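Student: With the sequence up front, the predicted model follows.
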Amino acid sequence: MSEPTPMMARYLEVKAEHPGTLLLFRMGDFYELFYEDAELAAKHLGITLTSRDKGSSNPVPMAGFPHHALRNHLSKLIRKGHRVAVCEQMEDPATAKGMVRREVTQVVTPGTLTDDDLLEPNRSNFLAALHRPRGKAAKGGRVGLSWLDVSTGRFVTADLAPADLPDELARIAPAELLIAEGTEVPEAAERIGSLVTERPAYAFGTDAAIKRLTEHFGTGTLAGFDLDDAGPGVAAAAALLEYAADTQKAALPHITGLSPYRCDDCLRIDEATRRSLELTRTLRDGDRSGSLLDVLDETKSPMGARRLADWLAEPLTDRAAIAARHDAVEDLCNAAADRTALREALAGVYDLERLAGRVATRRASPRDLGGLCRTLGLLPKIKDLLHARHAERLTALNGSLDPCPDVREAVAAALTDDPPIQITDGGLIRTGFSPELDELRALAKGGKEWIAKYRAEEAERTGISSLKVGFNKVFGYYLEVTTTHKDKVPEDYTRKQTLKDRERYITPALKEYEDKVLRAEERAVSLEQELFTALRERVAEFVPALQRSAGVLAELDVLACFAHLAATRRYVRPELSAEPVLSITAGRHPVLDVLRPGGEFVPNDTTLTPADRVHLITGPNMAGKSTYIRQTALILILAQCGSFVPAEAATIGLADRVFARVGAGDDLGRGQSTFMVEMTETARILNAATEKSLVILDEIGRGTSTYDGLSLAWAVTEHLHDAVKARTLFATHYHELTGLDKDLAGLSNRHVAVAERDGTIVFLHTIRTGPASQSYGIHVAKLAGVPRPVLDRAAEVLRGLEEGAAPARNGHRNGRRKEKQIALFRMEPEPHPALVRLKGLDPDHLTPMEALRTLAELRDSAH
Ligand SMILES: Nc1ncnc2c1ncn2[C@@H]1O[C@H](COP(=O)(O)OP(=O)(O)OP(=O)(O)O)[C@@H](O)[C@H]1O
């Protein structure tokens, strides 16, 4: 192979320094990609694949796009899950000596985005790191998980039991996950679709971790952050920070703290429950639309929308903290005019949280600072509105809201009213801000006026009235004469170019002015950039104050959203209780209450107490069992988030965990059968639920034979009632279970009422006490259009079964039951014949031959 050119040599060097990334290599006005990168880019971006050195025996595949298309193409590549390194020209090619110096200025990866164009406004974008200690350090068995939103600086870490990892990963849903080289990729990461990035194992070293973190925060120790120094979470956090700094090529001063996360501080909701309850995505298509988050989101700013999603993902367990939110919501709910004014002001605020991040990393655009200025201008009004409120939380928020008047004034004085996005575009700085800039601008403008005057004078002098002044990059300003007037051109014109029907000339006077104009223009643009950069530096000093204010605005937006929901959707303030009770009067499903097409939602009550803690809910298909049990769980979650709830009254005994096993959600992608998934989830509930938990179960045991299913449902109910003692709502089609209320003191029956009219059933969606009288499955099948002969036959079979095969109640014998059903609930199963024979053997009196023969016979009988 021939020697690469110096430029290609530099390309290969940079490429080797950034393994696993697509390299965009700036060449003049283009970004170019080579080799496999070019092939990938051509496929994903729809750009043409060509080659460099076409004539040679070894042409290099190449693809490129103009520099102004960078953002657009970057976002496409990131969405496809690539990491992209952007290599810029660090010198002006016109003045550079030798080859232009090129450096990577940023590595953009799905987890490290800071640009608004690349980020979704309503979602946090997390980069996470997982550390699984090995050897001695692994003794505690905990793993470290840390997560960071680079765009806002939110940085959290946790030491977790390995079993909790999938749930936490699902909750955080990181865009990118760092793991140590050669370690196992967590299954959850694949399911969520996180890009997995391997980092060298030493990046997770514990000793270096504390040093790295304390150096970053400028603190002597990590004591102030309330973290376990020696825990794996700290090592994960350090690895994360290093990667973020590596990719941003910046110091990240907006990351000002590391918060510990402890599972027990929030209402724990596992992955399956989160999915079943459709908290942030629907089960059917995984869309946000139709989820609880979607119908609740009446926030006015992206900061508020993100905070609402956070609150929903991490409801609280601390009664005082929840009550503080409820107080604030109540206060805002009662002050309708102020709430409206507050929400209007919030609608005008810029995404200050992400903007502060861009200011800190020196990537804020002129338009960003314009937005900052307008936002700061709205804060005094918001402070006034808060001043009139009484809730403690609102007063505290007001105290932290800093309108930073100095920053606002500095930006307002310097920036034009509608600054451009690009710093290179010019027109950023206001007239009157810098005398030097004004002078340069006047010169540039004056020069242009002079040129116009010059043209007029020359036209008169030469008698060429069509004389024109033009400009091009090759020889600057010129005079243009059509060929018909060629003879009138005076001596002092120097011809520069001849075109088909015209000629172009320059003159010494024109060149002299051109110099002045162009130099003044250039100087003005670079002075504007200098002034803007200085302004941004000044604003950067206020990043911590801006972040605090951003946090306040985000929280206010959510509280005002909750107040708005309370006022417009008739939500009420729930009473909180430390006892494991749940009492809801006329509760409604928060999503169906809004979205139910064509009809009113029928409210229902729920009353669970320690003495009556398990409710079995029976009723026909489609009656509303699932809706009812889900609505109960959602109301509890809403209350613990700090929201009011869709009901006429509610008392919520604070829960430690919520479990939902709803619907037979296949998980064939994970290679598990429906039944296996169902049993795994059920096992988790039985093992992890406590007296303070809320459990909702929607028909378990459906994926196996009726007897197996019924037996399992039976045993699960007993265990929940006797051992776990969790508040439980169990919707079931096993009518046999309804007899359990005779034996289990804390269990009672509910059913969903239906009315029969003209041989068909009408769903009333009302929950009543007692078990359902019959199953109505065949009626529902009729509604669904199952053919008449099938319905008739089904009715006949049903009658037969009912007569000959009355189901077991309470595990006691029933005279009408068939023999095989008696076997179902027999406490001790028949022993295997082989076992009986084995027990009858006397080894002391067996010859070796007899023993061998018996063994062979036993083996054969086991088939
Ligand atoms: N309280 C209610 N008010 C009005 N409509 C309701 C109510 N509850 C349920 N519905 C409507 O009935 C439909 C069926 O409800 P749901 O899925 O809860 O029934 P189900 O009893 O669980 O049925 P299955 O046993 O087949 O799972 C819902 O989609 C909803 O449109």
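Tutor: Noted; the coordinates are in hand.
Student: distance of Leu308 from Pro302?
Tutor: Counting by CB to CB, to the nearest Å, the separation of Leu308 from Pro302 is 11 Å. In short, each C-beta sits where N, CA and C put it, glycine included.
Student: repeat for Asp327
Tutor: In this structure, Asp327 and Pro302 are 26 Å apart, going by CB to CB.
Student: ok, now Phe204?
Tutor: For Phe204, the distance to Pro302 (CB to CB) stands at 33 Å.
Student: Those two: which is more packed in?
Tutor: Phe204 (29 against 22; other CB atoms under 10 Å).
Student: do you know how far the more buried one is from Leu428?
Tutor: When CB to CB is the yardstick, Phe204 and Leu428 sit 44 Å from each other.
Student: now Leu694
Tutor: 56 Å.
Student: now Ala755
Tutor: Distance from Ala755 to Leu428, by CB to CB: 71 Å.
Student: Compare neighbour counts for these two and give me the winner.
Tutor: Remark: of Ala755 and Leu428, Leu428 carries more neighbours, 25 against 10, as counted by other CB under 10 Å.
Student: which ones are touching that one?
Tutor: Each residue near Leu428 by CB atoms under 8 Å, 6 or more residues apart in numbering is listed here: Pro366, Leu415, Thr416, Pro419, Pro420, Glu528, Leu531, Phe532.
Student: Touching stretch 784-793 from outside, list them.
Tutor: Identification of contacts with stretch 784-793 by CB under 8 Å, 6+ apart yields Ile778, Ala781, Lys782.
Student: let's go with 6 Å and repeat that
Tutor: Residues lying outside stretch 784-793 but in contact with it, judged by CB atoms under 6 Å, 6 or more residues apart in numbering, are Ile778, Lys782.
Student: quick one: average confidence on it?
Tutor: On average, the pLDDT along stretch 784-793 is 78.
Student: residues in the chain within reach of the ligand, list them.
Tutor: Contact residues, the chain versus the ligand (CB under 6 Å from any ligand atom): 592, 596, 601-602, 619, 621-627, 765.
Student: want to throw the residues you listed into JSON lines with pLDDT and neighbour count?
Tutor: Formatted as JSON lines, these follow (pLDDT from 0 to 100; neighbours: other CB atoms under 10 Å):
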{"residue": "Leu592", "pLDDT": "92", "neighbour count": "19"}
{"residue": "Arg596", "pLDDT": "71", "neighbour count": "14"}
{"residue": "Phe601", "pLDDT": "90", "neighbour count": "19"}
{"residue": "Val602", "pLDDT": "93", "neighbour count": "20"}
{"residue": "Gly619", "pLDDT": "87", "neighbour count": "28"}
{"residue": "Asn621", "pLDDT": "79", "neighbour count": "16"}
{"residue": "Met622", "pLDDT": "82", "neighbour count": "18"}
{"residue": "Ala623", "pLDDT": "85", "neighbour count": "25"}
{"residue": "Gly624", "pLDDT": "90", "neighbour count": "25"}
{"residue": "Lys625", "pLDDT": "92", "neighbour count": "26"}
{"residue": "Ser626", "pLDDT": "92", "neighbour count": "20"}
{"residue": "Thr627", "pLDDT": "93", "neighbour count": "21"}
{"residue": "His765", "pLDDT": "89", "neighbour count": "21"}
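Student: In helices only, show me those residues.
Tutor: The helices in this structure, assigned by DSSP state H, contain Leu592, Lys625, Ser626, Thr627 from those.
Student: would you turn those residues into TSV with distance to Pro200?
Tutor: Listed next are these as TSV, based on distance: CB to CB, whole Å:
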residue	distance to Pro200
Leu592	51
Lys625	53
Ser626	49
Thr627	51
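Student: I'd like to know which of those residues is nearest to Val107.
Tutor: Using CB to CB, Leu592 is the member of those that sits closest to Val107, with 45.6 Å.
Student: Show me where the stretch 51-200 of the chain dips below the pLDDT cut-off.
Tutor: In the predicted model, the stretch 51-200 of the chain carries pLDDT under 70 at residues 54, 136-140.
Student: Do a quick rundown of the helices in it.
Tutor: Per DSSP state H, counting those that start in this stretch, the stretch 51-200 of the chain has helices spanning 70-79, 165-172, 187-192. These are given in chain order.
Student: if you compare those helices, which one is most tucked away?
Tutor: Counting by mean count of other CB atoms under 10 Å, helix 165-172 has the highest mean neighbour count of those, with a mean of 20.
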